[in-house]
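K.L.:
need a structure here:
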Amino acid sequence: MRTVDIVEIIGNTLTQLDMMLADPNLSSSDPNFQQLMALRKHLDDLQRALVAADIDDSTAQFAQAAAQLKASDEDLKKIGANLTKIASVIGIAAKVASFADQLIGLVK
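P.N.:
Modelled structure (predicted):
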(Lines give C-alpha, C1' and ligand atoms only; values in the text may rest on other atoms or scores of the structure.)
Protein backbone atom coordinates (compact mmCIF):
# COMPACT_ATOMS: atom_id res chain seq x y z
CA MET A 1 0.00 0.00 0.00
CA ARG A 2 1.21 3.50 -0.79
CA THR A 3 0.47 6.91 0.68
CA VAL A 4 -1.88 7.66 -2.23
CA ASP A 5 -3.94 4.60 -1.25
CA ILE A 6 -4.22 5.91 2.31
CA VAL A 7 -5.37 9.29 1.00
CA GLU A 8 -8.06 7.51 -1.04
CA ILE A 9 -9.24 5.46 1.94
CA ILE A 10 -9.53 8.59 4.07
CA GLY A 11 -11.47 10.22 1.22
CA ASN A 12 -13.91 7.31 1.25
CA THR A 13 -14.34 7.71 5.00
CA LEU A 14 -14.96 11.43 4.55
CA THR A 15 -17.63 10.69 1.96
CA GLN A 16 -19.37 8.27 4.32
CA LEU A 17 -19.30 10.82 7.14
CA ASP A 18 -20.64 13.49 4.77
CA MET A 19 -23.56 11.23 3.85
CA MET A 20 -24.43 10.77 7.50
CA LEU A 21 -24.05 14.47 8.28
CA ALA A 22 -26.37 15.33 5.38
CA ASP A 23 -29.10 12.98 6.61
CA PRO A 24 -32.13 15.11 7.53
CA ASN A 25 -32.84 12.78 10.47
CA LEU A 26 -29.61 13.87 12.17
CA SER A 27 -30.04 17.30 13.70
CA SER A 28 -27.05 19.62 13.92
CA SER A 29 -27.84 20.00 17.63
CA ASP A 30 -27.42 16.24 18.17
CA PRO A 31 -24.18 15.41 20.04
CA ASN A 32 -23.54 12.64 17.50
CA PHE A 33 -23.62 15.24 14.74
CA GLN A 34 -21.03 17.26 16.60
CA GLN A 35 -18.78 14.21 17.05
CA LEU A 36 -19.09 13.27 13.39
CA MET A 37 -18.29 16.83 12.34
CA ALA A 38 -15.21 16.96 14.58
CA LEU A 39 -14.00 13.62 13.21
CA ARG A 40 -14.66 14.78 9.67
CA LYS A 41 -12.60 17.94 10.19
CA HIS A 42 -9.75 15.99 11.79
CA LEU A 43 -9.71 13.42 8.98
CA ASP A 44 -9.79 16.17 6.36
CA ASP A 45 -6.79 17.84 8.01
CA LEU A 46 -4.96 14.50 8.15
CA GLN A 47 -5.69 13.79 4.51
CA ARG A 48 -4.26 17.17 3.50
CA ALA A 49 -1.18 16.59 5.65
CA LEU A 50 -0.62 13.16 4.11
CA VAL A 51 -0.81 14.61 0.60
CA ALA A 52 1.91 17.11 1.47
CA ALA A 53 4.05 14.76 3.59
CA ASP A 54 7.14 12.88 2.57
CA ILE A 55 6.58 9.45 4.11
CA ASP A 56 8.60 6.32 3.50
CA ASP A 57 5.84 3.85 2.68
CA SER A 58 8.25 0.91 2.53
CA THR A 59 8.67 0.57 6.30
CA ALA A 60 7.09 -2.03 8.56
CA GLN A 61 5.53 0.75 10.65
CA PHE A 62 3.82 2.17 7.58
CA ALA A 63 2.60 -1.26 6.50
CA GLN A 64 1.17 -2.02 9.94
CA ALA A 65 -0.67 1.30 10.34
CA ALA A 66 -1.88 1.14 6.73
CA ALA A 67 -3.24 -2.39 7.21
CA GLN A 68 -5.08 -1.34 10.36
CA LEU A 69 -6.49 1.72 8.60
CA LYS A 70 -7.64 -0.43 5.68
CA ALA A 71 -9.31 -2.92 8.04
CA SER A 72 -11.17 -0.09 9.76
CA ASP A 73 -12.26 1.21 6.35
CA GLU A 74 -13.66 -2.22 5.53
CA ASP A 75 -15.60 -2.19 8.82
CA LEU A 76 -17.05 1.22 7.91
CA LYS A 77 -18.12 -0.01 4.49
CA LYS A 78 -20.09 -2.82 6.15
CA ILE A 79 -22.04 -0.33 8.27
CA GLY A 80 -22.74 2.19 5.54
CA ALA A 81 -24.46 5.45 6.42
CA ASN A 82 -26.94 3.81 8.78
CA LEU A 83 -27.85 6.31 11.50
CA THR A 84 -28.93 3.52 13.84
CA LYS A 85 -25.27 2.48 13.99
CA ILE A 86 -23.87 5.97 14.48
CA ALA A 87 -21.92 5.04 17.62
CA SER A 88 -20.12 2.29 15.68
CA VAL A 89 -19.36 4.69 12.83
CA ILE A 90 -17.93 7.23 15.27
CA GLY A 91 -15.76 4.56 16.90
CA ILE A 92 -14.44 3.21 13.62
CA ALA A 93 -13.87 6.67 12.13
CA ALA A 94 -11.89 7.52 15.27
CA LYS A 95 -9.73 4.43 14.61
CA VAL A 96 -9.16 5.57 11.01
CA ALA A 97 -8.04 8.95 12.37
CA SER A 98 -5.77 7.29 14.92
CA PHE A 99 -4.03 5.16 12.29
CA ALA A 100 -3.71 8.19 10.00
CA ASP A 101 -2.14 10.07 12.91
CA GLN A 102 0.39 7.23 13.22
CA LEU A 103 1.20 7.54 9.53
CA ILE A 104 1.72 11.29 9.82
CA GLY A 105 4.18 10.50 12.59
CA LEU A 106 6.34 8.72 10.02
CA VAL A 107 7.14 11.90 8.10
CA LYS A 108 10.82 11.94 7.14
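K.L.:
by residue count, what's the longest helix in the chain?
P.N.:
Longest helix in the chain, counting residues (DSSP state H): helix 31-52.
K.L.:
confidence score at the spatially most central residue of the chain?
P.N.:
What sits nearest the mean C-alpha location of the chain, by Cα atoms, centre = their mean, is residue 96, with 4.1 Å. The confidence metric pLDDT takes the value 91 at residue 96.
K.L.:
now do the phi/psi pair for it.
P.N.:
When read as degrees, to the nearest 10, the backbone of residue 96 gives phi -60, psi -50.
K.L.:
wait, isn't it in contact with residue 75?
P.N.:
No. Taking contacts as Cβ atoms under 8 Å, residue 96 lies outside contact range of residue 75: 9.3 Å. Any C-beta I mention is one placed from the backbone N, CA and C, and that applies to glycine too.
K.L.:
quick one on the thing from earlier: quick check: mean pLDDT across whichever helix or strand comes after the longest helix of the chain?
P.N.:
Toward the C-terminus, helix 31-52 is succeeded by helix 60-79 as the next helix or strand (DSSP states H and E). Helix 60-79 shows a mean pLDDT of 90.
K.L.:
would you mark the buried spots in helix 60-79?
P.N.:
Buried residues in helix 60-79, counted by 16 or more other Cβ atoms under 10 Å: 62, 65, 66, 68, 69, 70, 72, 73, 75, 76.
K.L.:
before we move on, back to that, quick one: contacts for the residue nearest to the centre of the chain?
P.N.:
9, 10, 13, 43, 69, 72, 73, 76 (Cβ atoms under 8 Å, 6 or more residues apart in numbering).
K.L.:
just residue 47 next, same as before
P.N.:
7, 10, 11, 14, 100 are the contacts of residue 47 under Cβ under 8 Å, 6+ apart.
K.L.:
is it true that the second one touches residue 45?
P.N.:
No. Under the criterion of Cβ under 8 Å, residue 10 lies out of contact with residue 45, with a separation of 10.3 Å.
K.L.:
more neighbours, those two?
P.N.:
residue 10 (24 against 13; other Cβ atoms under 10 Å).
K.L.:
so that one: helix, strand or coil?
P.N.:
Classification of residue 10 using DSSP: H, G, I helix; E, B strand; the rest coil returns helix.
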